[in-house]
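Q: 3D, please:
(one chain, ligands or ions: 1)
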Amino acid sequence: MLVSAKDMLEKARDGKYAVGQFNINNLEWTKAILLTAEELKSPVILGVSEGAGKYMTGFKTVAAMVSAMIDELKITVPVALHLDHGTYEGCYKCIEAGFSSIMFDGSHYPIEENVEKTKELVKVCQEKGMSLEAEVGSIGGEEDGVVGMGECADPKECKMIADLGVTMLAAGIGNIHGKYPANWPGLSFETLAAVKEAVGDMPLVLHGGTGIPADMIKKAISLGVAKINVNTECQLAFADATRKYIEAGKDQQGKGFDPRKLLAPGTEAIKETVKEKMELFGSIGKA
Ligand code: 13P
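A: Model (predicted):
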């Protein structure tokens, strides 16, 4: 059964570890992440961007696939199905489709409008027992058409949004979607500490988890980050393993072209990446 992310994130905050949000793209991704979470007894959040939702033919398909897979694979660890960087309209579509968690990314609106829309969604999510993530500041780079300048969050604005009763807050702290450039100055722990000071107990979310060095991840967790999003790293691992399989000519040996064989190395590579991240985030055995 799908659950809200509230309990798992409050436990993570109190236990000083983070729950991974791993974005899904298709059946192989979903299966790899769920099986790894179950094997390692870790809570997990499956992230779905609007673009990935569309690719998988719509949010209803995604919710039905994930719910059925949890059942068929006998997954017992807590799993939240979460809309990533949702638009206002996308949030309502996911509520309707049976997601257990949504992110409303109102960071590109003036703060008053972000507050108004977030406030409305807080009410709806509370009625439905769903968790809600909000964003202040922005995540640099691009993810599925969502582009951000990477401005650091204003702690006062974070407090305004946190006070509305959201479940978790994503604050821009110099993090970027995709690979980090060689001249990246690193996370702004000064901003993170100021945000934490302003919002108190609210579990914080670190987007752009791909490629952040382990020491920075640990420090971010110690400063209140309870959810870390990873997307690109699984994509790179999948592409790399698939390329190696094809370059070794394995798709041309026997029935190596069978999609169940062709996609297997990539699926295994996703499992490995998820495992590494769960180890780093400290969520193993916390289900
Ligand atoms: P990466 O693709 O950089 O891991 O970021 C994922 C993310 O933040 C999803 O919202």
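Q: Now do stretch 119-139: distance to the chain's middle.
A: When distances are taken as CA atoms, centre = their mean, to the nearest Å, stretch 119-139 is centred 15 Å away from the chain's centroid.
Q: List the buried residues for it?
A: 121-122, 125, 130-139 (16 or more other CB atoms under 10 Å). Where you see a C-beta, it was placed from the backbone N, CA and C, and this is true even at glycine.
Q: In a markdown table, list those residues along with distance to residue 13.
A: A markdown table is the format used below for these (distance: CB to CB, whole Å):
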| residue | distance to residue 13 |
| --- | --- |
| 121 | 22 |
| 122 | 19 |
| 125 | 19 |
| 130 | 19 |
| 131 | 13 |
| 132 | 16 |
| 133 | 14 |
| 134 | 16 |
| 135 | 18 |
| 136 | 18 |
| 137 | 20 |
| 138 | 23 |
| 139 | 21 |
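Q: Go through the residues you listed and say which is closest to the ligand.
A: residue 139 (6.1 Å; CB to the nearest ligand atom).
Q: Surely residue 278 and residue 286 touch.
A: No. Between residue 278 and residue 286 there is no contact under CB atoms under 8 Å: 9.3 Å.
Q: ok, these two, which is more surrounded?
A: With neighbours defined as other CB atoms under 10 Å, residue 278 and residue 286 compare such that residue 278 has more, 26 against 19.
Q: three-state assignment of that one?
A: Classification of residue 278 by DSSP: H, G, I helix; E, B strand; the rest coil places it in helix.
Q: how close does it sit to residue 231?
A: 15 Å (CB to CB, to the nearest Å).
Q: Wasn't residue 85 part of a helix?
A: No. Per three-state DSSP, residue 85 lies outside any helix segment and is strand.
Q: For it, the count of nearby residues, please.
A: Neighbour tally, residue 85, other CB under 10 Å: 26.
Q: same question, residue 14
A: 11.
Q: That concludes my questions; thank you for your assistance.
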